[in-house]
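Peer 1: based on what follows, work out the 3D shape:
(one chain, ligands or ions: 1)
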Amino acid sequence: MGFKQKQHDNNGFEIANQAGAARTGTLQVGDTELKTPNLFPVVNFYAGGTSSSLYGGGIHRTMKEFMNGDEVINGGDYSEYFDGVMTSVASLTDYGITKERYEEYIDTPIKERDLFDFDGVLFIDSGGFKFLGDKTLDGSDFEVDVDQRTIIEIQRKLGADLVLNLDRPIEPDDDYETRIQKARMTAQNVDQFLELTDRQKQTRYLTLHGYNYSMLNTFLTEIEKVIGKNRVHREFDGVALGSLVPLKDNKGKLITAVSDCREVLDDWGFDDLPLHVLGISSSAIPLLAAVGADTFDSSSYLHAAINGKYHTSLYNTEPLDDVDFSNCDCPVCSDDKLVNWMEGDAEYQKDKLGAVSMHNLIIQKEEISRVREAISKSGTDGLIEYFEQSLSRHKSMQQHAHRVVNDSLGGYF
Ligand SMILES: [Zn+2]
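Peer 2: Okay, the predicted model is just below:
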């Protein structure tokens, strides 16, 4: 069991409204304010290309054209959907990048490049999830040993606003000893991470891993043993909960992990720290926001498009060939050129699927803004009504919506 200590001296997150465990707030990262709950779309700034192709690479290039409002995509302004984005150090290790290309790429911070018109919050993940399934984060192509020091260097050079330590995610079948060992390895990295980063320049999140109260409490206790009580309580601006991706299709387990994480944080006196959930999005977002998650990141908008799926809501997709684009009034579906692309009249597949990705992202961002509004209404009625009108209408989601309403929002009236 943790202990209560003086409230964390964190001015970067202000909670505005609460409904049960759900809350809305403002996350201040550097000069930028972000409304919460919010979703950071995963953007691959380096997708195996050169600067002349916006470090292009198929669909990733089209997403960057949307970020920039390029003429290629008819010059619309999509910046509101990129108020915060997540990218990962691991995106550099996926492309067989040479040392020269690597050095050229990390030479200039992303937001200072002429290439990108982006001024939202840049969240750069450590890439620790690459250790899942006995894989490693391998920088041998560009002749770099990837450790906590290198990761910080890359995060810093790319101009990250929000950073987290290099972590060792746990897996569902890890035994107790393995989980403890991973917590200790993560703690050593956290110790180094605090030495190497400057909170004045970057917002720092601590990674936690576990699926329930006991696991998360143990993980945090191991971190505290290495870095000390004082630092665990004073040095972080937020917490990122990881290891959930293998559970992504089990909404019941996700709800338990996030609500237990919120409980552990509250018991340790971290009530006012924002909680980020790594790698989870789509239909789980409203459920997890209701039990206390503040931000999310995901590339599901992109993967849905790559699989030929067009979001008709946060909870439903339709095969691309069946879509009537006139049913959506988003900026993509309101643009004749982009609709033609989505209908297949595009020179490149990346344009067709890139436009679908952008539409999918807009659907996700708009839904999360509805969740924000529902939480903002006084009491829990707004959020309960939201669940009644959204998830409760889907058979597979009903039981989870009811659980969240009963456990966290005081039940039905
Ligand atoms: Zn649309």
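Peer 1: tell me the contacts of residue 211?
Peer 2: 172, 243, 244, 247, 253, 256, 257, 260 (Cβ atoms under 8 Å, 6 or more residues apart in numbering). For every residue, glycine as well, the C-beta is placed using N, CA and C.
Peer 1: could you redo the last one with a cut-off of 7 Å?
Peer 2: 253, 256, 257 (Cβ atoms under 7 Å, 6 or more residues apart in numbering).
Peer 1: so which of the residues you listed sit within helices?
Peer 2: 253, 256, 257 (DSSP state H).
Peer 1: got a winner among those for most neighbours?
Peer 2: Neighbour tally across the ones in helices among the contacts of residue 211 (other Cβ atoms under 10 Å): the maximum, 28 neighbours, falls on residue 257.
Peer 1: circling back: so can I have TSV of the contacts of residue 211 showing distance to the ion and pLDDT?
Peer 2: Shown next, in TSV, are the contacts of residue 211 (distance: Cβ to the ion, whole Å; pLDDT from 0 to 100):
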residue	distance to the ion	pLDDT
253	32	96
256	34	97
257	32	97
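Peer 1: out of those, which one sits closest to residue 226?
Peer 2: Comparing these against residue 226 with Cβ to Cβ picks out residue 257 as the nearest, at 23.0 Å.
Peer 1: host element of the nearest residue to residue 222 once chain neighbours are set aside?
Peer 2: The spatial neighbour of residue 222 that comes closest, neighbours along the chain excluded (Cβ to Cβ, 6 or more residues apart in numbering), is residue 183 at 3.7 Å. Using DSSP states H and E, residue 183 sits in helix 176-196.
Peer 1: just the CA trace of the helix or strand that that helix is followed by, in CSV.
Peer 2: Later in the chain than helix 176-196, the nearest helix or strand by DSSP H and E is strand 203-209. The C-alpha atoms that make up strand 203-209 are tabulated as CSV, following Å, rounded to 0.1, in the frame of the first residue of the first chain:
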residue,chain,number,x,y,z
THR,A,203,6.7,17.5,-19.6
ARG,A,204,7.6,14.1,-18.0
TYR,A,205,5.4,11.1,-17.7
LEU,A,206,6.1,8.0,-15.7
THR,A,207,5.2,4.6,-17.2
LEU,A,208,3.3,2.1,-15.1
HIS,A,209,2.4,-1.5,-16.1
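Peer 1: now for the very next helix or strand once past strand 203-209, which elements pack on it?
Peer 2: Toward the C-terminus, strand 203-209 is succeeded by helix 213-227 as the next helix or strand (DSSP H and E). Applying 3 or more Cβ pairs under 7 Å, 6 or more residues apart in numbering; DSSP states H and E, one finds that helix 213-227 contacts helix 176-196, strand 203-209, helix 251-267.
Peer 1: per-residue confidence at residue 100?
Peer 2: In this model, residue 100 is scored at 85, pLDDT.
Peer 1: what does residue 199 give?
Peer 2: Looking at residue 199, the pLDDT reads 89.
Peer 1: just residue 301 next, same as before
Peer 2: So residue 301 comes in at 96 (pLDDT).
Peer 1: state the helix or strand in which it lies.
Peer 2: helix 300-306.
Peer 1: please list the residues of the stretch 251-400 of the chain that sit near the ion.
Peer 2: 328, 330, 332, 333, 359 (Cβ under 5 Å from the ion).
Peer 1: how about the first one, phi and psi?
Peer 2: The one in question is residue 328. The phi/psi pair for residue 328 (degrees, to the nearest 10) reads phi -120, psi 130.
Peer 1: likewise for residue 121?
Peer 2: phi -80, psi 130.
Peer 1: repeat for residue 242
Peer 2: Phi and psi for residue 242, reported as degrees, to the nearest 10, are phi -120, psi -170.
Peer 1: enumerate every residue touching it.
Peer 2: 129, 167, 169, 207, 209, 278.
Peer 1: just give me the closest of those residues to the ion.
Peer 2: residue 278 (27.0 Å; Cβ to the ion).
Peer 1: let's see the pLDDT reported for that closest one.
Peer 2: Confidence score, pLDDT, at residue 278: 95.
Peer 1: same check, this time on residue 259
Peer 2: Looking at residue 259, the pLDDT reads 97.
Peer 1: that one contacts residue 290, correct?
Peer 2: No: taking contacts as Cβ atoms under 7 Å, residue 259 lies outside contact range of residue 290: 8.8 Å.
Peer 1: identify the contacts common to the two.
Peer 2: 21, 408.
Peer 1: which one of the two has more residues nearby?
Peer 2: residue 290 (33 against 22).
Peer 1: contacting residues for the more buried one?
Peer 2: 20, 21, 22, 383, 404, 408, 409.
Peer 1: repeat that with 10 Å
Peer 2: Shown in contact with residue 290 (Cβ atoms under 10 Å, 6 or more residues apart in numbering): 19-22, 37, 255, 258-259, 371, 374-375, 380, 383-384, 386-387, 391, 400-401, 403-405, 407-409.
Peer 1: equivalent analysis for residue 389, please.
Peer 2: 370, 374.
Peer 1: what does residue 408 give?
Peer 2: 19-22, 255, 259, 262, 287, 290-292, 380, 383.
Peer 1: just put those residues in a markdown table and tack on secondary structure and distance to residue 93.
Peer 2: What follows is the contacts of residue 408, written out as a markdown table (DSSP: H, G, I helix; E, B strand; the rest coil; distance: Cβ to Cβ, whole Å):
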| residue | secondary structure | distance to residue 93 |
| --- | --- | --- |
| 19 | strand | 41 |
| 20 | coil | 41 |
| 21 | coil | 37 |
| 22 | strand | 36 |
| 255 | helix | 32 |
| 259 | helix | 34 |
| 262 | helix | 32 |
| 287 | helix | 32 |
| 290 | helix | 35 |
| 291 | coil | 33 |
| 292 | coil | 33 |
| 380 | coil | 44 |
| 383 | helix | 40 |
